[in-house]
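In: My questions are about this predicted structure, shown below with the sequence.
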Amino acid sequence: MSPTRIGVVGSGVTGTRVVAQLVTLGGTRIAVTDSNRLKAQQLAALYRNDGVDVDVVDDTELTQCHVVVLACAKPHVALAKQLLGTGIHVVSMSDDLGDTMQLLQLHETARQNNATLVVGAAASPGLSGLLINHAMSAFDTIDEAHIALHGTGGPNCAHQHHDALAGQSVGWHDGDWLRRPAGSGRELCWFPEPVGAYDCYRAEMTDPVLLKHALPQLHRITARMSATRRDRFTARLPMMSPPHAEGGMGSVRVEVRGWKSGSRAVDIVGVADRVAQIAGVVAGSVAHEIAGGGITETGVVVLGSASVPNERLLSTVQRSGIQLHEFVGS
């Protein structure tokens with residue numbers, strides 16, 4: 001039997017990391033497509049002498065794939081709907097709130113076509129859900145989750161970071177959605193070394209929406225990202241200079257609160273690595289899991305939910321070199 005074919009849309013920084021993870025995990029053929037065909041060809045050429053099956057295809061050939069990872073710029077909803085309509089499983093790395101809300105509405109489309117749509121399979125969202133699921137195993141019950149993100153991946157991620165500080169943050173608070181201005185609510189967050197401490201602010205992030213979908217028992221969910229004074233003051237203006245090809249060391253940190261043996265407790269879990277690397281490893285691992293039959297739930301699926309093999313996915317992420325750092329307090 002020939003290996004399962006996995007498609008990757010986008011050959012930028014994150015798409016490159018997705019392909020690298022799929023190659024590492026093995027057992028699949030990979031089809032890459034990009035609006036810039038030269039970039040896709042350059043990515044495929046990296047593996048030409050390694051005996052790895054990485055081909056450059058047109059968009060129309062994605063229908064020959066079993067799973068497709070959307071590692072391209074937003075929006076993802078139109079392409080996801082098209083692929084789901086033909087019964088193809090989709091893994092979206094989108095971290096745009098509007099795009100995510102529309103992707104969540106494709107639940108019935110996916111179910112009717114016996115397909116899986118994983119929404120938010122990146123760093124934050126994505127790894128954040130896996131980390132919360134990991135942390136909650138030490139609790140009797142959890143009722144709060146607070147996310148913090150430092151750093152950006154490629155240029156598209158940098159633009160999204162810029163826009164997120166200009167919008168409205170959403171958070172879940174005791175049965176109601178709260179909206180607050182992005183760039184407010186400063187909080188000093190300690191990230192795993194070598195990142196260290198950064199001031200973090202409310203931002204238009206998708207984690208609260210997706211985590212409430214995955215873990216409905218949570219009473220309070222917030223998400224913040226690190227930002228400088230300049231980031232906040234220029235958020236509503238065009239970016240002052242072109243973003244770097246890839247940001248430096250980043251981090252995802254989750255703070256989980258709940259009850260242990262009748263006492264209130266707080267645990268913090270995080271990782272420190274390049275954000276594109278984290279996102280690519282997570283998305284690639286999820287696609288590989290679907291291709292291998294490890295995720296069979298049809299419809300919309302969010303990492304951290306009970307229908308996902310969260311611990312196995314997190315183990316795959318760790319084997320890829322991303323280390324967990326934990327602080328346990330009370």
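Out: Perfect, thanks for sending it.

In: Tell me who's in contact with the nearest residue in space to Leu25 that is not next to it in sequence.
Out: Closest residue in space to Leu25, ignoring its immediate chain neighbours: His288 at 4.7 Å, by Cβ to Cβ, 6 or more residues apart in numbering. C-betas here are computed from N, CA, C, even on glycine. The neighbours of His288, taking Cβ atoms under 8 Å, 6 or more residues apart in numbering as the test, are Ile6, Gln21, Leu22, Leu25, Gly27, Thr28, Thr316.

In: Confirm that the last one sits in a strand.
Out: This points to Thr316. No. Read with DSSP: H, G, I helix; E, B strand; the rest coil, Thr316 is helix and lies in no strand.

In: ok, it touching Ala287?
Out: No. The pair Thr316 / Ala287 is not scored as a contact, 11.3 Å apart, by Cβ atoms under 8 Å.

In: neighbour count winner among these two?
Out: Ala287 (31 against 23; other Cβ atoms under 10 Å).

In: ranges for the strands of the stretch 151-300 of the chain?
Out: Under the criterion DSSP state E, counting those that start in this stretch, the stretch 151-300 of the chain contains strands at 168-173, 176-181, 187-191, 196-202, 220-226, 249-260, 263-274, 299-301.

In: closest to Asp143 out of those strands?
Out: Nearest to Asp143 among those is strand 249-260; the distance by Cβ to Cβ comes to 5.6 Å.

In: what angle separates that closest one from strand 220-226?
Out: When axes from the mean of the first three to the mean of the last three Cα atoms, to 10 degrees is applied, the directions of strand 249-260 and strand 220-226 differ by 160 degrees.

In: Can you list the low-confidence ranges for the stretch 1-150 of the chain?
Out: For the stretch 1-150 of the chain, the stretches with pLDDT under 70 are 1-2.

In: can you rerun that using 80?
Out: Of all residues in the stretch 1-150 of the chain, those with pLDDT under 80 make up the ranges 1-3, 49-51.

In: can you check the stretch 201-330 of the chain too?
Out: For the stretch 201-330 of the chain, the stretches with pLDDT under 80 are 228-248, 328-330.

In: Val56: which of the strands of the stretch 151-300 of the chain is closest?
Out: Among those, if distance is taken as Cβ to Cβ, the winner is strand 263-274, at 25.0 Å.

In: So what are the sheet partners of the closest one and their directions?
Out: The strands beside strand 263-274 in its sheet (DSSP bridges) come out as strand 249-260 (antiparallel), strand 325-329 (antiparallel).

In: Now it: buried residues?
Out: The neighbour-count check on strand 263-274 (16 or more other Cβ atoms under 10 Å) flags Ala265, Val266, Asp267, Ile268, Val269, Gly270, Val271, Ala272, Asp273, Arg274 as buried.

In: Kindly provide the distance from the first one to Arg319.
Out: Relative to Arg319, Ala265 is positioned 29 Å away (criterion: Cβ to Cβ, to the nearest Å).

In: Likewise for the second one?
Out: Taking Cβ to Cβ as the measure, Val266 and Arg319 are separated by 28 Å.

In: For this structure, just list every one of the helices.
Out: Using DSSP state H, the helices found in the chain span residues 13-25, 37-45, 77-84, 97-104, 107-112, 127-136, 155-164, 207-214, 229-233, 275-291, 310-319.

In: Among the ones you listed, show me which one is buried the most.
Out: Highest mean neighbour count among the helices of the chain (mean count of other Cβ atoms under 10 Å): helix 275-291, with a mean of 28.

In: mind saving the C-alpha coords of that one as PDB?
Out: Extracted in PDB, the C-alpha atoms of helix 275-291 (Å, rounded to 0.1, in the frame of the first residue of the first chain):
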ATOM      1  CA  VAL A 275       7.300  30.200  17.300                       C
ATOM      2  CA  ALA A 276       7.300  29.000  13.700                       C
ATOM      3  CA  GLN A 277       9.100  25.800  14.800                       C
ATOM      4  CA  ILE A 278       6.500  25.200  17.600                       C
ATOM      5  CA  ALA A 279       3.600  25.900  15.100                       C
ATOM      6  CA  GLY A 280       5.100  23.700  12.400                       C
ATOM      7  CA  VAL A 281       5.800  20.800  14.700                       C
ATOM      8  CA  VAL A 282       2.200  20.900  16.100                       C
ATOM      9  CA  ALA A 283       0.500  21.100  12.700                       C
ATOM     10  CA  GLY A 284       2.700  18.500  11.200                       C
ATOM     11  CA  SER A 285       2.100  16.100  14.100                       C
ATOM     12  CA  VAL A 286      -1.700  16.600  13.900                       C
ATOM     13  CA  ALA A 287      -1.800  15.900  10.200                       C
ATOM     14  CA  HIS A 288       0.300  12.800  10.700                       C
ATOM     15  CA  GLU A 289      -2.000  11.700  13.500                       C
ATOM     16  CA  ILE A 290      -5.100  12.000  11.200                       C
ATOM     17  CA  ALA A 291      -3.300  10.200   8.300                       C
END
